[in-house]
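Trainee: Sequence plus the predicted model coming up.
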Amino acid sequence: MQKIKNYINGEFVNPINNNWLDNYNPSNGEIYGQIPNSTVEDIDLAYNAAQSAFSQWSNTTLGTRSKILSKIAELIKEKLDFLAEAESKDNGKPISLATAIDIPRAAANFQFFANAITQFASESHESVGLDAVNFTLRQPIGVVGCISPWNLPLYLFTWKIAPAIAAGNCVIAKPSEVTPMTAYLLGEICTEAGLPKGVLNIVHGLGTTTGQAIVEHPNIKAISFTGGTQTGAHIARVAAPMFKKLSLELGGKNPNIIFADCDYDKMLETTVRSSFANQGQICLCGSRIFVEASIYEKFKKDFVQKVKQLQVGHPSEKSTNIGALVSRSHLEKVESYVKIAEDEGGKVLCGGLEVTVPGYENGYYFQPTIIEVQDNSCRINQEEVFGPVVTMMSFKTDEEALQLANDVTYGLSATLWTNNLNRTMQFSKQLQTGIVWVNTWMLRDLRTPFGGSKASGVGREGGFEALRFFTEAKNICIKYE
Ligand code: NDP
């Protein structure tokens, strides 16, 4: 049984209390490893290492930082198969997905910020007539905390760490306790790439103890968090009195709005993906599908038929489209939402049940599920399920579609299918979300601002936005004669 350790000051160490948690393989429900159940003492140790490394790292040239980040990217690419296998085993996602998306994106995160930091500039303002010039210094914050969820483990972990260290900060990072493996392996890679000791410290454990200790630490001045809305609200409450900088990337209940004038085949194929990729466990999945009435029945028939063809199976099988959900408790939550939807009058068009995969009877498998609803105010349309469950209903006018799309507390992303330019612009301006995809889904350009509005979070990551978050702006005003 593999024991994962904390990565502190460049060394792999046991938790100080020698307390351990079990790590489960979602594909068969078996315990296959243990991870540290770290406490505030481990966070203090990590903080001391990070603080000691800060003065040197923040003065390391951009060229050197860039080279080290590029080397980390290169090593991730070299270990693609190994890391993809580890990710798939730890999370339950199809290995094909981890190989095509998760691990390449983790490498891309490091490569992107290796380049971005060499191009990051700040403003200067000449105060004409006052004989003064102002310029902005963007200085690293110091020791920062990065906390990430289980759905895209290495992908989201590195999305935070790469800009934080590129900007000259030292980091204490905590992956989800449910998916710790690739974060652990990243420690080895960072050492191999020559990242100085203490610049990145990875501490494993429960959100409510290890994560909480990061958020409560008085000298960790910024927290970048991706996870659930409730957790985000809790973190904001803890951090606010200490005036920490916060970036909160939270939950979503994203609309997928389909007009009759779209490219139908492309829309259908993409909607299958945007509904069920990664077992529907992507914050950007389109979980509320709104279809123009004139094509509703045709879409319903075609969509159900396509979704029924998706193979639920062991993550390592090439034929698998839908792997295992991340945990037994998550599967139970997803299942409970199907019941809630039915009680509210929703009609299950396909799926809705747990799946037994022969040979892996204790794994956490669930059918891709489509539920037809009549009213957007039902719980299944208002609450985040974060699993392979989507709803669909029809609309008649643009105004109605927009109203339905915005009638939710969340505001992360929206997808719009239309070939009408005026409609595209009207929806783009009026959708209350941080991201709008038109005639595509999850096409990511890492230079763009990423984040949500309303209950989907505050702050933006990605591109220079992330480098701005991980630096403190200081105005210098020089008066001359
Ligand atoms: P959680 O909010 O439960 O956990 C996220 C992370 O926070 C985990 O590492 C967790 O640790 C930790 N954590 C939990 N409680 C605390 C606490 N009190 N203080 C500090 N850290 C804490 O989310 P999930 O892991 O269940 O992830 C799913 C959620 O993430 C969904 O709502 C999804 O929409 C959202 N998400 C948002 C994205 C975005 O970009 N907007 C992208 C991806 C996911 P532990 O796991 O050990 O409990």
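Mentor: That came in fine, so what should we check first?
Trainee: Who is Q2 paired with across the strands?
Mentor: Taking DSSP bridges as the rule, Q2 bridges to G33.
Trainee: Can you report how many residues lie near it?
Mentor: By other Cβ atoms under 10 Å, the residues close to Q2 number 11. For the C-beta atoms, the positions are set from N, CA and C on the backbone; glycine is no exception.
Trainee: Adjust the sequence numbering to begin at 43 for everything that follows.
Mentor: Taking 43 as the first residue, the last one we looked at is Q44.
Trainee: Strands of the stretch 93-242 of the chain, start to end?
Mentor: 166-169, 174-182, 185-189, 212-216, 242-244 (DSSP state E, counting those that start in this stretch).
Trainee: residues making contact with the third one?
Mentor: Strand 185-189 is contacted by residues 89, 92-93, 96, 199, 202-203, 206, 211-216, 249, 253, 256-257, 259, 261-269, 277, 512 when judged by Cβ atoms under 8 Å, 6 or more residues apart in numbering.
Trainee: Could you give the separation of it from the chain centroid?
Mentor: A distance of 15 Å separates the centroid of the chain from that of strand 185-189, by Cα atoms, centre = their mean, to the nearest Å.
Trainee: Any buried residues in stretch 399-419, and which?
Mentor: Neighbour counts over stretch 399-419 (16 or more other Cβ atoms under 10 Å) mark 399, 402, 405-415, 418 as buried.
Trainee: Is it possible to get these out as TSV so that each row also shows secondary structure and pLDDT?
Mentor: Compiled in TSV, the buried residues of stretch 399-419 are given as follows (DSSP: H, G, I helix; E, B strand; the rest coil; pLDDT from 0 to 100):
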residue	secondary structure	pLDDT
V399	strand	98
Y402	strand	98
G405	strand	98
Y406	strand	98
Y407	strand	98
F408	strand	98
Q409	coil	98
P410	coil	98
T411	strand	98
I412	strand	98
I413	strand	98
E414	strand	98
V415	coil	98
N418	coil	98
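Trainee: which residues touch the residue of the chain positioned farthest from its centre?
Mentor: Most distant residue from the mean C-alpha position of the chain: E523, 51.6 Å away (Cα atoms, centre = their mean). Shown in contact with E523 (Cβ under 8 Å, 6+ apart): D173.
Trainee: So among the contacts of strand 185-189, which ones count as buried?
Mentor: Neighbour-count burial (16+ other Cβ under 10 Å) applied to the contacts of strand 185-189 gives 89, 92, 96, 199, 202-203, 206, 211-216, 249, 253, 256-257, 259, 262-269, 277, 512.
Trainee: In the stretch 143-292 of the chain, where is pLDDT below threshold?
Mentor: For the stretch 143-292 of the chain, no stretch is flagged by pLDDT under 70.
Trainee: residues from it in reach of the ligand?
Mentor: Contact residues, the stretch 143-292 of the chain versus the ligand (Cβ under 6 Å from any ligand atom): 189-193, 198, 216, 218-220, 248-250, 253-254, 257, 268-270, 273, 276-277, 291-292.
Trainee: Not counting its neighbours along the chain, what's nearest the residue nearest the centre of the chain?
Mentor: The centroid of the chain falls nearest to L198 when counting by Cα atoms, centre = their mean (4.7 Å). Nearest non-adjacent residue to L198, counting by Cβ to Cβ, 6 or more residues apart in numbering: S190, 4.5 Å away.
Trainee: just to confirm, which helix or strand has A88 in it?
Mentor: For A88, the enclosing helix or strand under DSSP states H and E is helix 82-100.
Trainee: Would you mind measuring from the residue farthest from the centre of the chain to N176?
Mentor: Look at E523 and N176: by Cβ to Cβ, to the nearest Å, they are 17 Å apart.
Trainee: Ok, L444 next?
Mentor: For L444, the distance to N176 - Cβ to Cβ - is 42 Å.
Trainee: Equivalent analysis for E359, please.
Mentor: Distance, E359 to N176, using Cβ to Cβ: 60 Å.
Trainee: repeat for P57
Mentor: When distance is defined by Cβ to Cβ, P57 is 48 Å away from N176.
Trainee: Give me every residue in the stretch 293-442 of the chain lying close to the ligand.
Mentor: Taking Cβ under 6 Å from any ligand atom as the contact definition, the stretch 293-442 of the chain meets the ligand at G293, G294, C325, E426, F428.
Trainee: quick one, phi psi at the closest residue to the second one other than its chain neighbours?
Mentor: The shortest distance from G294 to any non-neighbouring residue, by Cβ to Cβ, 6+ apart, is to L454 (3.3 Å). The phi/psi pair for L454 (degrees, to the nearest 10) reads phi -80, psi -70.
Trainee: Which parts of the stretch 293-442 of the chain are helices?
Mentor: Using DSSP state H, counting those that start in this stretch, the helices of the stretch 293-442 of the chain run over residues 306-318, 335-350, 370-385, 421-424, 440-448.
Trainee: now the shortest one, how far from the centre of its chain.
Mentor: The one in question is helix 421-424. Distance, centroid of helix 421-424 to centroid of chain: 22 Å (Cα atoms, centre = their mean).
Trainee: buried sites along that helix?
Mentor: By 16+ other Cβ under 10 Å, the buried positions in helix 421-424 come out as I422, N423.
Trainee: contacts for it?
Mentor: For helix 421-424, contacts defined as Cβ under 8 Å, 6+ apart pick out 295, 330, 379, 382-383, 386, 388, 413, 415, 417-418, 431, 433, 450-451.
Trainee: Show the buried residues in those residues.
Mentor: Neighbour counting over those (16+ other Cβ under 10 Å) leaves K295, R330, Y379, A383, E386, G388, I413, V415, N418, V431, T433, V450 as the buried ones.
Trainee: Tell me who's in contact with the residue nearest to the second one when sequence neighbours are not counted.
Mentor: The shortest distance from R330 to any non-neighbouring residue, by Cβ to Cβ, 6+ apart, is to P297 (4.9 Å). Contacts for P297 (Cβ under 8 Å, 6+ apart) come out as G328, R330, I331, F332, L446, A447, V450, A456, T457, L473.
Trainee: same question, D344
Mentor: Residues near D344 by Cβ under 8 Å, 6+ apart: L310.
Trainee: And the closest residue to the ligand within the stretch 393-523 of the chain, how far from Q254?
Mentor: Residue nearest to the ligand within the stretch 393-523 of the chain: F428 (5.0 Å; Cβ to the nearest ligand atom). Separation of F428 from Q254 (Cβ to Cβ): 22 Å.
Trainee: Right, I'll leave it there.
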